[in-house]
Each structure stands twice: as structure tokens, then as C-alpha cells.
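In: just the structure for this:
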Amino acid sequence: MNKERQNFMLFAVVAALILFAWPLIQGKFFPVANPPVTKIVNGKSQPIPARPSADPTADTSGAVRNRQVVLGESPRVRIMTPTLQGSINLKGARIDDLVLVKYKETIARNSPPIRLLSPAGAPEAYFAGFGWRDDGLKPPAADAVWAASSPLLAPGRPVTLTAANASGQRFAIELSVDDQYMFTVRQTVQNAGATPVPVAPYGYVNRVGVSKDPGTWQIHTGPMSVHGGGADYGTKFKDLDKAPERFTTTGGWLGFTDKYWLTALVPDQQAQFDGQFRAGTNTAYQADYAFAPKLLPAGRALTQTSRFFAGAKEVKALQHYENDAGVTKLDKAIDWGWFEIVEKPIFTYLDWLFRMVGNFGVAIILLTLTIRGLMFPIAQRQFASMAKMRAIQPKMKALQERFKDDKPRMQQEVMALYKTEKVNPVAGCLPTLLQIPIFYALYKVLMLTIEMRHQPFVAWIKDLSAPDPLTPLNLFGYLHFTPPHMIAIGVVPILLGISMYFQFKLNPAPMDDTQKQVFAIIPWVLMFVMASYPVGLQVYWIASNFLAILQQRILYARHPGLKIAAAK
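Out: Alright, predicted model coming up:
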């Protein structure tokens, strides 16, 4: 009785640790899925409205005002591309009004597009600008109004902003934009004065407040740069509150990254520049770069070309700018992490499957079929080993009973039994070990890549990168209350637990009673654990479990002796 009580207590402790300690581990190392995009009301999916932004309609404190009012206070040049819309502020020559027309805040039809940049004085101010240091040059003031060569900036239609000072220098910023997310900035100084002047171009990105996307051990958000040949994910907003971060490099970039969005200053990749991140007043943060000054003789002109990325972190777009435009490691804006060598091929194949079938859920199932097909020979050996282990269970039980008072002798006899029956007890672990990096890589792909954002599957599943919103605990939305997060288990996680239960039934039962109890509860504990993860990850696991069960059936059909032996 004491032994049984000890086993039960051990089982209870292990189950409690798995169930209650996991949220702490998860919060530290494994961020959960994106927030749900739908809620279930009366059994039907309804889009969740976007979180309202602090956008007052009138001047209250004088510090933050209505965005439309601020936009109307200065002359502007419109920006119009297939992916971007907004305007350039001629007062200060700032790019400070930009929305991403391909991406909406929610899945609702009338949802506004994602706003990336916003002018100073408006809510969530976020803007970029380019100019020259005042090292004797006397460039236009920060509030100077520039003249524009055209009222519209579009692909193939550049705009030149011009201004002059009282010393005879003329300044020009020629802006062009492609059909994706890259601006090209040509800064020219023409010295019509009588003496040489030092010319040191710079660029900056300024934002008020930190990223709405929390940074984690797995996903970096906030200040980011590539310098010295590598990506730097180590700088955080709170670090800048203590001291600026500075570096000098040739080739690279710097800016701010959110989970899906990026602003990046890309200086001339062949010239050395000084980059820095720093904190300003009123929770403002700035990334900026500057070139060393060059002496410009009278009667001469000097042009420096840089670029500015402002948009979505689409994998193909980033790779295009890296491979074809020579932007050093722009692809590193996505924090692939340690398993990049696995994640990128999985993303590329999954994205190709999606373009073939038009549904990411189906693409994930096809990915599972492909992985299981490639691992079929290894899985067959795993299942064969498991079946043999099941077949020798009676003999192992007899040995345990016979030598229960002589543990060393029992272990010797068990090892001899493995050798006689040609069974390798660890052979079944190999496919599982191979699946771990694949499973983790798919998790990172679903969490990181914007291509998975707001992708539907079937019925109520409107976003494969978010948790399942349909739970039986409130009768699928017919009861108007939201269950606590800990127990709000969706239908898909329940199916995952069921599929794991049946798969575990095919494995050889552990000899120890406590282990049997632990293994019996694991599928249901993991059902709770996985409930907050992306539905796409759960679909992959369910499909994988189903195929594992099918493979076991095929094995027993091909080798009926194994099933007969197991039954005996």
C-alpha cells in the first residue's frame, strides 16, 4: 500500500509540474500564438475589432493631437505605390505618413490598413528624415519648408526636394521609391559659395514609445542593426534609457523592427558610417547614422546615396534587397534563430505549397505528408522496434517478478533479453529526435513570418497563426462568457489530445506503474499546454499523429506476427 501511495504521489507531483510550471517556462522562452482575430458568438466567427489607438479628436493637452489635423498643417507630397500610401512632409523634409495597403489591422472587411509612420505631434509618432550635420555647412533648419519638383512620389516618378542657405549652398534630396518598400535617397550639396565647406550627410528614424509586439527570447523587437558583418539583436529599448549604443562599420543598416514591420536606414554599403541608437525625451527613441565630413570646394557638388526600407518583413522582399540590391544581411530582420538552416527550407516549401493549393492549412498537411514520407524508412524501423518491445513485454514482466529483489541481476537479464530478441530499446527515439527541430522550425515559421498572418483554414479557423477560438466550455459561444485562459481549450487542441492518446496506445507500455500513470495523462496535459499555440502547429501535430497511427497499421498488416506476439 505504501508503494502504491508513493507512486500516486510521484505521479501527482509530475502532473502538477507539467501543467502549472509550463506557463512560466512558456512565458520566458516560448511566446504563445498571435492574439485571436475572431471570437465565437452563437457558434459563428466574428472579427475582433482592432484595439483603439490613442487618437483624440481635439487638442486636449497640446502635446498629442488628431493625426488628420497634424497632417493638414504642412505642405505635403503624396506617396502612391502598389504597397504604400502616405505623404512626405515638406516642413523638415520628413517621411512621416505611411500605411501598408496590403495589410489590415484585423480580418474585418472595413478594417483600416496597418499604419507604419505617423507625424510628430500625432499619436504614436514615427518618422524618418535625411539631412546634413552643421559642422560649418549651415544646412536648412529643422522646420524649413522645402520646395518639391512634383506633388506625387510613385514608382518611376521621383521627387526632388530643394532648399538653400544664405551662404550660397544649395541642397537637394531626390527621393524615389520602388513597387515594394524601398526608398532611394540622393542627398546633394552644391557649393556656390566662395569657400570650401564640410559636408556630412546623415539619416534618422525617430519613434515615440516602444514596440507593441513584446520582445522575447525567441523573437526580437525594438532597435536592431547589422554591423561588423553580423546581426545585432542584443539592444533593447530599456538599454537606450541608460546609455546610447554606438558602432562604426562599412556595410550594414540600422532601424527598428516589430514582429512583422521594419524601418531600416541603409547607408551606402561601400562607405564607412557611424551608427547609433539613443533615447530622447518623452519616451522617444532614435536610430541614426552619419558619414565622416568631406570638404566640398567652391563651385563643386557632392552627392551621397542611401536607402530607406519601410514596410512588411516579407521573406522574398528582404531576400530580393539582400541578393539583388546589395543590402547586407537584410534578411536577418527576421530573427530566425539557431534553426535557420531548417526554418528557411520549411518556409520556402510551405510557401510554395500555399501558392499551389491556395490554403495554408492544406499546405501544412501536405508538408506533414512530405516530412512523414521522407522519414518513412526510419519510422518503419521505429515502429518495428516498438512492436517488438510490445511483444517481449510478458517476458520482461516475468523477469521483473523473478528478480525483483536483485536489481543488478534483473538489469543483466533484461539486457540479455534485448540481445536475444534483437531489440534496441532506444531505436524508437530517433524519429522523435528528428521531429523536434522540424516541429520547432515550423513553430518559428508560424510565429515569425508575415506570410502566415491572418491566413484562414476552414470554418471558424480564420488565422492559423493564432489559437483556436472555438471552445466547448461556453457551448461554442452560445453562452456569453469567456472562459479563463488556462482552461479555454479549443476544438483543435482537444482533437490533438485525442490523436495523441491513440498514438500512445500503440507504444509499448512502461513496466513501472508510475510511468504508466504519467504516460496516460501526458496527452491531456499537452492538450492544455498546446491550446495557446498557433492552430497551424496543432494541425501539423494532429496530421503527424494520424499518419503515425496509419503507419503502425501498415506495419501490423505487413507483419501480422508482431501483432500476434504483442497480443500474447
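In: separation between the residue nearest the centre of the chain and I554?
Out: A centroid search over the chain (CA atoms, centre = their mean) returns L448, at 1.8 Å, as the residue closest to the centre. L448 sits 36 Å away from I554, going by CB to CB, to the nearest Å. The way it works is simple: take the backbone N, C-alpha and C, and place the C-beta from them, glycine included.
In: and A142, by the same measure?
Out: 72 Å.
In: cool, and T471?
Out: T471 is 35 Å from I554, by CB to CB.
In: quick one: which of the two has more around it?
Out: Applying other CB atoms under 10 Å to T471 and I554 shows that T471 carries more neighbours, namely 21 against 13.
In: quick one: that one and V492 touch, right?
Out: No - T471 lies out of contact with V492 (CB atoms under 8 Å); the separation is 10.2 Å.
In: where along the stretch 201-350 of the chain do the strands fall?
Out: Applying DSSP state E, counting those that start in this stretch to the stretch 201-350 of the chain gives strands spanning 201-208, 222-227, 230-232, 245-250, 253-257, 261-266, 272-279, 284-291, 294-296, 301-312.
In: a strand runs through V69, doesn't it?
Out: No - assessed with DSSP: H, G, I helix; E, B strand; the rest coil, V69 is helix; it does not lie in a strand.
In: change the start of the numbering to 4 and stick with it
Out: Noted, 4 is the first residue going forward, which turns the last one into V72.
In: contacts only, for the residue lying closest to P158 once chain neighbours are set aside.
Out: Among residues not flanking P158 along the chain, D182 sits closest, at 4.8 Å (CB to CB, 6 or more residues apart in numbering). D182 makes contacts with 84-86, 158, as judged by CB atoms under 8 Å, 6 or more residues apart in numbering.
In: let's verify D182: helix, strand, or coil?
Out: Taking three-state DSSP as the rule, one finds D182 in the coil state.
In: what are the buried residues along stretch 232-251?
Out: Within stretch 232-251, the residues that qualify as buried by neighbour count (16 or more other CB atoms under 10 Å) are 234-236, 238-240, 243, 248, 250.
In: no wait, stretch 123-139
Out: Neighbour counts over stretch 123-139 (16+ other CB under 10 Å) mark 124-135 as buried.
In: K335 is in contact with the residue nearest to the centre of the chain, correct?
Out: No - using CB under 8 Å as the test, L451 is too far from K335 to be in contact (12.0 Å).
In: how about the residue nearest to the centre of the chain: what's its closest non-neighbour residue?
Out: The shortest distance from L451 to any non-neighbouring residue, by CB to CB, 6+ apart, is to I337 (5.6 Å).
In: which residues touch that neighbour?
Out: Counting by CB under 8 Å, 6+ apart, I337 touches 316, 318, 321, 451-452.
In: and if you look at A290?
Out: Going by CB under 8 Å, 6+ apart, A290 touches 207-208, 226, 228, 257-259, 268, 278-280.
In: need those residues in a markdown table with neighbour count and distance to P52, can you?
Out: Formatted as a markdown table, the contacts of A290 follow (neighbours: other CB atoms under 10 Å; distance: CB to CB, whole Å):
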| residue | neighbour count | distance to P52 |
| --- | --- | --- |
| Y207 | 19 | 34 |
| V208 | 25 | 29 |
| P226 | 29 | 31 |
| S228 | 27 | 35 |
| L257 | 29 | 35 |
| G258 | 27 | 30 |
| F259 | 24 | 26 |
| L268 | 26 | 34 |
| G278 | 23 | 39 |
| Q279 | 19 | 39 |
| F280 | 27 | 34 |
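In: re earlier: just the buried ones from the contacts of D182, in PyMOL syntax?
Out: Buried residues within the contacts of D182, by 16+ other CB under 10 Å, are selected in PyMOL with:
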select buried, resi 84+86
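In: closest to T286 out of the contacts of D182?
Out: Lowest distance from T286 to those (CB to CB) belongs to T86, with 29.2 Å.
In: specify the local secondary structure of the closest residue to F460 other than its chain neighbours.
Out: Of all residues not flanking F460 in the chain, G364 sits nearest, at 3.1 Å (CB to CB, 6+ apart). At G364 the chain is in helix, as set by three-state DSSP.
In: G364 - how many residues pack around it?
Out: The burial count assigned to G364 is 20, neighbours taken as other CB under 10 Å.
In: how about L120?
Out: Residues near L120, counting by other CB under 10 Å, number 24.
In: which parts of the host helix or strand of it are buried?
Out: Here L120 sits within strand 116-120, counting by DSSP states H and E. For strand 116-120, burial by neighbour count (16+ other CB under 10 Å) applies to 117-120.
In: picking that back up, mind checking how far the residue nearest to the centre of the chain is from P472?
Out: Between L451 and P472 the computed distance is 22 Å (CB to CB).
In: next: M227.
Out: Remark: distance between M227 and P472 (CB to CB) = 32 Å.
In: out of everything not next to it in sequence, what's closest to R79?
Out: Nearest non-adjacent residue to R79, counting by CB to CB, 6+ apart: S90, 4.0 Å away.
In: could you do T251 as well?
Out: Nearest non-adjacent residue to T251 (CB to CB, 6+ apart): D277, at 5.2 Å.
In: with A234 instead?
Out: Nearest to A234 is K335, by CB to CB, 6+ apart, at 3.8 Å.
In: before we move on, what about V102?
Out: Sequence neighbours aside, P116 is the residue nearest to V102 in space, at 4.5 Å (criterion: CB to CB, 6+ apart).
In: which ones are touching the one you found?
Out: P116 neighbours (CB under 8 Å, 6+ apart): 88, 102-108.
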